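Colleague: Let's see this in three dimensions:
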Amino acid sequence: MTKGVWGVDISKSSIKCVRMEKSESSIVVTDIVTINYQPSEAGIEEQIKDVIAQFRSENKLRGDKIACSLPSHSTFNRLIKLPPIEDAKIPEIVKYEAQSQIPFPIDEVMWDYQIVDRQYQPNEEKEVILFAIKRDVVEQLLDNIKQGGLFVDVVQFAPVALCNFLFREGQTGELCVVVDIGADNTDLIIIEGNKFWIRNIPITGNDITKAIQKEFNVSFEEAEQLKIKVAQSSQGSKIFNTIQPVLKDLIGELHRSIGWYKSVSRQTKLEKIILLGNGSKTINFQRYIPQSLGLTLFNISKLNSIEVGEKVNMEKLQEQIPALGVAFGLALQGLNETKNKVNLLPPLYLKEKELKKKQPFLVATVAVIYLLALMFYMNLGNEIEVLDKGLKAATVVENDYKGNKKAYDDASFMDDVLKPLNNLASIAVEKDIMLRVMNILNPRLPDNSSKELKDEDKLWVLDWTLDETDKVPSPGQKIFSRNRVLNVTIDCAIAKRATSEEGRNFVIKKIVEPVANEFKLKEKEGYEAKDEGDISELIPKDFQSHKGGKEGERKFTRFKVTFTISMLTDVTGT
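Modeller: Numbering: from 1, shown residues only. Just a heads-up that it's a prediction; the model follows:
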């Protein structure tokens, strides 16, 4: 039987699965499975185990590979440029860059990279996209899937899998904006040729559903139906007014993120947008989002390069294509038919999977030896020592297997432990400081999506950067941080105040004071909060007056907050 690949897109409310097979001349979709579920008291981890077990029991998976997704809100990605070097040296340089760029201890993350595939000029810098995720997030997901009865072959970020699908279908062109609105996750992807930029947006389909549920006092399921079928509802106008504030916040986030991309990219002429995900089916989203962003909508309603098998319901497929992009991309990567081949499976998991494949052969070896011994016994009657030798041989094989497996696991574990330690010293201080800053600020930043929060109480963090005054020492070099400082710069915005001083005081209270108190910083020497002037409105004009306000009334002021933190720790511990 032809082996296929299942692309399994896992979220907090559903799994979407696509099975594909590859022949000499084509790639074919042979099956589509969607299983929805609602939050329960058992928790999301137990739900994933149960739904994977259900998927496994209802479908024939023997021999098929499994590729699953990771949500973007748990991930880190960054485009970096490497100096003109030989290809053989790229892995070493990227590893060094990863230690500097990833804002977590390198031994706590799974990371990989992809070289942007394009034509480079002589002596031109090479572009590389760096990806990372906390190791425990990957291991927890894989453990849940394994307890459901499956072993995974590929782990990929959901937005990267979506890009792989769009690249394969030739749907993006040279420059394109993609917005994937899921129930519990929204991704903005800006595609420029063969490279892409990803940002997670904190407004999701469930936010819209919950607004309807609260306003009309209905169940979550009923609110979902109203969200999609609002045009046929007798209370259509009221329902749309209910979701309009959420829609306004979503467009504001998209507008701000696209504006930031334009400010750092040479390519500023964005004209096309693709809306995907079940959330994009919400009434008026297909019109309001492109119109508000000044972009032309491009719909994906059919497959261009992928054939459809006879058993697949074509009508069901066309209806679900906008929500199946990630699953399509995962299955394509499992067939080795994608540009981006990043795979974030932990090494120990891969070794465990290989051992599991070999177990049947080892057991069979033991069984054969035992049967041979038994045959000798049957044929030679009283020659008991032959059977005894056969049993001893079987025991030796079994014990060797157990001993080798334990040694293999121990060696693998030590290998995973020792490798990160070799380079941990060179980055420990910087990462510790950044984590402390993030831990201080995260619980203190306002929840901008809250309806109860007034505009003057909101604060938007637009970006942050790190910069050391001294060069990063080479790996293995003893690090003395007596003359080293880390500059942490936070770019933020607030609603415009009557005076600049009033706005500055608000920023100092929300961001500066907690960090300054933690690191005992003094003004001017240790920190600075600078008014960078007024910036464009974060909320498009089409939605500024829905509550009666005047157009153009809401303005924002940008502040640059800089912390200069001394790195006085000798991270080698000597």
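Colleague: domain parsing for the protein?
Modeller: 1-168+300-345, 172-299, 357-416, 428-566 (automatic domain parsing).
Colleague: As CSV, those with mean neighbour count and mean pLDDT would be great.
Modeller: Heads up, the C-betas are built off the backbone N, CA and C, glycines and all. As requested, these are exported to CSV (neighbours: other CB atoms under 10 Å; pLDDT from 0 to 100):
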stretch, mean neighbour count, mean pLDDT
domain 1-168+300-345, 18, 89
domain 172-299, 18, 87
domain 357-416, 13, 53
domain 428-566, 15, 75
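Colleague: dump the residue contacts of Asp531.
Modeller: Counting by CB atoms under 8 Å, 6 or more residues apart in numbering, Asp531 makes contact with 500, 503-504, 557-559.
Colleague: can you rerun that using 6 Å?
Modeller: By CB atoms under 6 Å, 6 or more residues apart in numbering, the contact set of Asp531 is 500, 559.
Colleague: Give me the distance between it and Pro446.
Modeller: Per CB to CB, to the nearest Å, Asp531 is found 20 Å from Pro446.
Colleague: now swap in Ile133 and tell me
Modeller: Noted for Ile133: a distance of 27 Å to Pro446, by CB to CB.
Colleague: Torsion angles phi and psi at the most centrally placed residue in the chain?
Modeller: Nearest to the mean C-alpha position of the chain, by CA atoms, centre = their mean, lies Ser72 at 2.5 Å. Main-chain torsions, Ser72, degrees, to the nearest 10: phi -70, psi -30.
Colleague: surely it meets Asn200?
Modeller: Yes: using CB atoms under 6 Å, Ser72 is in contact with Asn200, at 4.7 Å.
Colleague: from the chain's centre, how far out does the helix or strand that contains Cys492 sit?
Modeller: Secondary structure from DSSP states H and E places Cys492 in strand 485-495. On the basis of CA atoms, centre = their mean, to the nearest Å, strand 485-495 sits 24 Å off its chain's mean C-alpha point.
Colleague: same thing with stretch 105-121?
Modeller: Centre-to-centre, stretch 105-121 and its host chain are 14 Å apart (CA atoms, centre = their mean).
Colleague: Endpoint to endpoint, that stretch covers what distance?
Modeller: 35 Å (CA to CA, to the nearest Å).
Colleague: So what touches it?
Modeller: Residues from elsewhere that reach stretch 105-121, judged by CB under 6 Å, 6+ apart: 94, 98-99, 127-135, 138, 194-195, 339-340, 342, 344, 420, 431.
Colleague: circling back to that earlier point, identify the residues contacting the residue nearest to the centre of the chain.
Modeller: Contacts for Ser72 (CB under 6 Å, 6+ apart) come out as 158-159, 187, 200.
Colleague: now it: how far from Phe157?
Modeller: Separation of Ser72 from Phe157 (CB to CB) stands at 6 Å.
Colleague: Please apply the same query to Lys126.
Modeller: 21 Å.
Colleague: Over to Leu276?
Modeller: Taking CB to CB, one finds Leu276 at 15 Å from Phe157.
Colleague: same deal with Glu92?
Modeller: 24 Å.
Colleague: Kindly report the same for Ile80.
Modeller: Look at Ile80 and Phe157: by CB to CB, they are 17 Å apart.
Colleague: ok, Gly503 touching Arg497?
Modeller: Yes: in this structure, Gly503 is within contact of Arg497 by CB under 6 Å, at 4.0 Å.
Colleague: In which helix or strand does Ile208 reside?
Modeller: Per DSSP H and E: helix 205-216 holds Ile208.
Colleague: Residues in contact with that helix: which ones?
Modeller: 181, 183-184, 220, 223-224, 226-227, 242-243, 246, 279, 282.
Colleague: Dump those into CSV; add distance to Arg266 and secondary structure as well.
Modeller: Listed next are the contacts of helix 205-216 as CSV, based on distance: CB to CB, whole Å; DSSP: H, G, I helix; E, B strand; the rest coil:
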residue, distance to Arg266, secondary structure
Ile181, 28, strand
Ala183, 36, coil
Asp184, 34, coil
Phe220, 45, helix
Ala223, 44, helix
Glu224, 42, helix
Leu226, 44, helix
Lys227, 39, helix
Thr242, 41, helix
Ile243, 37, helix
Val246, 34, helix
Gly279, 31, helix
Thr282, 34, coil
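Colleague: Ramachandran coordinates for the nearest residue to Val116 once chain neighbours are set aside?
Modeller: Here the nearest residue to Val116 in space, its sequence neighbours aside, is Glu127; by CB to CB, 6 or more residues apart in numbering that works out to 4.0 Å. Note on Glu127: backbone dihedrals following degrees, to the nearest 10 are phi -100, psi 130.
Colleague: Any idea what Glu468 is bridged to?
Modeller: Bridge pairing for Glu468 (DSSP bridges) gives the partners Leu486.
Colleague: what separates it from Tyr527, distance-wise?
Modeller: Look at Glu468 and Tyr527: by CB to CB, they are 17 Å apart.
Colleague: what does Asp153 give?
Modeller: According to CB to CB, Asp153 and Tyr527 sit 48 Å apart.
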